[in-house]
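**Student:** Sequence and predicted structure are below.
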Number of protein chains: 2
Amino acid sequence: MTSDSILPATTRWYADRTLAARPSEVRKVFRAAQKPGIISFANGAPYLGQLPFAQLAADAARLMETQGTAALQYGASQGIPELRAHIVELMKLEGISAGPEQVIVTNGSQQALDVCARTLVNPGDVIFAEAPSYAGGMAVFTGYEAEIVHVDMDADGLIPEDLERKIAEVKAAGKTAKGLYTIPNFQNPGGVNLSAERRRAVGELCRGQDLLIFEDNPYGLLGFDGRTMPAIQPEFADITLYFGSFSKMIAPGLRLGWVLPPQAMYSVLLNTAETSTLNPSVFSQQLLTAYLDDPAWQETLAKYRGIYEEKFTTLVDALTEAMPEGTSWNRPTGGFYLWVTLPEGVDAEALVHEAIDHGVVYVPGTAFYTDGQGSNEMRLSFCLPPLEDIRKGAALLGTLFREAAAGR
Amino acid sequence: MTSDSILPATTRWYADRTLAARPSEVRKVFRAAQKPGIISFANGAPYLGQLPFAQLAADAARLMETQGTAALQYGASQGIPELRAHIVELMKLEGISAGPEQVIVTNGSQQALDVCARTLVNPGDVIFAEAPSYAGGMAVFTGYEAEIVHVDMDADGLIPEDLERKIAEVKAAGKTAKGLYTIPNFQNPGGVNLSAERRRAVGELCRGQDLLIFEDNPYGLLGFDGRTMPAIQPEFADITLYFGSFSKMIAPGLRLGWVLPPQAMYSVLLNTAETSTLNPSVFSQQLLTAYLDDPAWQETLAKYRGIYEEKFTTLVDALTEAMPEGTSWNRPTGGFYLWVTLPEGVDAEALVHEAIDHGVVYVPGTAFYTDGQGSNEMRLSFCLPPLEDIRKGAALLGTLFREAAAGR
């Protein structure tokens, strides 16, 4: 598809960057997934059923009654100090030492990515990203006219040797290699973890080759066994922008995430954040702070890990039974996603609308590449649907893809 | 000041647009204004003391208990339908006919401006803006490397003949005249209203000259007498992006505003909004919807109009007594701002730090121009401070500026 198809007749109005940006295929699928009765493996949405809603209701009411004039007023662009203090504690779990004054709270980590890309990316800059990678992250970079160059992954995450080769190619072509966008933990959509050795190797490579590292980590605390891996940031703090999110581990509706950038960039990024939305909601930040003040939130998170592991196992068992021969998938140990490779020649993008007609939806693999790869791949998000829907949805997918595999 | 002063040594990382963007002078003042004990005429913040916090607390608790899984989940990028329905009703007060499906809800109208500028502005495009104009709005446009060209105002708002002359100059210079950014009601910072005749003249001019109209209207319902003026949008819907906000008339902490764009631009703008923050908080939208569901909110707004008029009168009376000869100001009939012209040669920008030392702060006029004008002007926001602080702050300003006027 060409970019024209989303642009109306009045394209003369649009910025060149708008004309250059490719719309995300995912959007169409997500809109379809909102139809009632559809079993959705599409949305990277958490299951919220374990949240202590009565407690959150009491907190919200108390905050509104006792601190309403602060909660509903403008606030500091970098976020409230109490929440930044919690963020600092959270990051310690991954070996990050930082002060609250180094953190910028944003409207979800999506905004943090957007603010950083806007501040740092020139048209034509190259951003390296795992193959495949998060569609919404790549859309931010391409929206500022960066070119995404994919780096191959295996079971240990992105392959440093391939990154090195791609950097050399990009530089030989006279382009600016600006940075690496990586999701090192329970990668979206691949589900893999970047090994500790490779974290160091990738960091050294980026430092040596003068690249920034955009370390996006929404899933780090969502390993099924609760173990966390050390972040890339601590050893490469001078070149790493670390992105965190409360959307996957607590709730997306709070719309709160953050960035810990290299110190030298802080004030410039804060200016950009302030220009784009002034400040994140103080009420939301206070509510999240109240939730984090009670250590019970960690028990809730532990419950989620168990629930998500059960959903994952259920999905894999159901797929094992249902899917045609020649289908394969990885075995993530946490996170939200199963990455499925269909038999050669089965076109997941072409079939997604048929899937929707059958009552189930996934994200076609092509959405996670900018270079046309992924036609026989798909991402299945397993955290939100109930177990029964997971089984039913997997069976529907099995029927669809068995027929497709037989008919190809 | 040059742009370098906010950029650290690692400027090689930054996008050209970052290097081109001038940081807002207002930020420094606002940070200073956060010191405890300072009487602030700086922040364009509403007074929240009349909000029904007990009711808002009950609504927040009820929503969290009964609709928590929707409130805290991801939501539609364009906002929830119930809030968009209210927005449509609100816009009718200014003569706008639109359907809820034409509205995009954003994280404050600041984000709406940002999304639209990002989508529409190319580097070097010219955006016309009143002289003076909202610093945060101009920062959005210049952040995407637009050039701001100021248009003169008088007591009836921006002068169409001056706009016409400036457009001709810009076109003669071979530049792209992209659009007009205007705040037609209780303009920030000038406090004036664009007359009905001029609204039509400005619209016709923009249509004839192929310009977009960015109609920014946060203050339209905040006339002291409650009267509203017809918007520009209805007669020029094909070229007008209309921006609305709940920050000034209800509460900034909800972080909710909207844009009503020309129909042809809707899906492209929605893509940009989604890429930048995914969606506005559903919980915030539900809470605001609940507030708007009860017609009592209009009585609360009416109370605010009375309170703001009293604060305005108090400020003007106190300034009349305190300020040196040769000081003048306009007489806004609503909104948040008094625009003060100091005696020739008194430098409001140079004196603001002295003012802060004396315990009072304002925004220097230079912040509202991109061309260096405004050194003997200042903006006083009168809605937030208590009456006693208004009197005291005006007296402090009087002392400061009398001395400055005597010593110049």
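**Tutor:** Sure thing, it's come through. Residues are numbered from 1 along each chain as shown, chains lettered A, B, ... in the order given.
**Student:** I'd like the mean pLDDT over stretch A:320-327, please.
**Tutor:** The pLDDT scores in stretch A:320-327 average 97.
**Student:** any idea how far that stretch is from the chain center?
**Tutor:** Its chain's C-alpha centre and that of stretch A:320-327 lie 27 Å apart, by C-alpha atoms, centre = their mean, to the nearest Å.
**Student:** And it, what's buried?
**Tutor:** Buried residues in stretch A:320-327, defined by neighbour count with 16 or more other C-beta atoms under 10 Å in any protein chain shown: A:Ala322, A:Met323, A:Pro324, A:Thr327. (Each C-beta comes from the backbone N, C-alpha and C, glycine too.)
**Student:** Pull the contacting residues for the second one.
**Tutor:** Think A:Met323. Residues near A:Met323 by C-beta atoms under 8 Å, 6 or more residues apart in numbering or on different chains: A:Val340, A:Ala394, A:Leu397, A:Gly398, A:Phe401, A:Arg402.
**Student:** one more time with 10 Å, if that's ok
**Tutor:** A:Met323 is in contact with A:329, A:340, A:342-343, A:394-395, A:397-402, A:405, counting by C-beta atoms under 10 Å, 6 or more residues apart in numbering or on different chains.
**Student:** swap in the first one?
**Tutor:** Counting by C-beta under 10 Å, 6+ apart, A:Ala322 touches A:Arg391, A:Gly393, A:Ala394, A:Ala395, A:Leu396, A:Leu397, A:Gly398, A:Thr399, A:Leu400, A:Phe401, A:Arg402.
**Student:** Can you check what pLDDT the model gives the closest residue to it other than its chain neighbours?
**Tutor:** Leaving aside its sequence neighbours, A:Ala322 sits nearest to A:Gly398 (C-beta to C-beta, 6 or more residues apart in numbering or on different chains; 2.5 Å). Looking at A:Gly398, its pLDDT reads 97.
**Student:** So the nearest residue to A:Trp13 once chain neighbours are set aside versus A:Glu309, what's the distance?
**Tutor:** Nearest non-adjacent residue to A:Trp13, counting by C-beta to C-beta, 6+ apart: B:Leu120, 5.7 Å away. As judged by C-beta to C-beta, to the nearest Å, B:Leu120 and A:Glu309 stand 47 Å apart.
**Student:** Looking at the two, which is more packed in?
**Tutor:** Taking other C-beta atoms under 10 Å in any protein chain shown, B:Leu120 and A:Glu309 do not tie; B:Leu120 has more neighbours (26 against 16).
**Student:** Pretty sure the more buried one sits against A:Leu19.
**Tutor:** No: B:Leu120 is beyond contact range of A:Leu19, at 11.1 Å (criterion: C-beta atoms under 10 Å).
**Student:** Can you work out which residues contact both of these two?
**Tutor:** With C-beta under 10 Å, 6+ apart, B:Leu120 and A:Leu19 have common neighbours B:Val268.
**Student:** In CSV: the contacts of A:Ala322, plus secondary structure and neighbour count.
**Tutor:** Converted to CSV, those look like this (DSSP: H, G, I helix; E, B strand; the rest coil; neighbours: other C-beta atoms under 10 Å in any protein chain shown):
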residue, secondary structure, neighbour count
A:Arg391, helix, 19
A:Gly393, helix, 27
A:Ala394, helix, 25
A:Ala395, helix, 17
A:Leu396, helix, 18
A:Leu397, helix, 28
A:Gly398, helix, 18
A:Thr399, helix, 16
A:Leu400, helix, 22
A:Phe401, helix, 25
A:Arg402, helix, 17
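**Student:** mind checking the SS state of A:Pro132?
**Tutor:** Classification of A:Pro132 by DSSP: H, G, I helix; E, B strand; the rest coil places it in coil.
**Student:** show me what contacts the residue nearest to it when sequence neighbours are not counted?
**Tutor:** Using C-beta to C-beta, 6+ apart and skipping residues adjacent in sequence, the residue nearest A:Pro132 is A:Phe368, 3.2 Å away. The contact partners of A:Phe368, by C-beta under 10 Å, 6+ apart, come to A:25-26, A:129-135, A:137-138, A:150, A:188-190, A:337, A:339, A:374, A:377-379.
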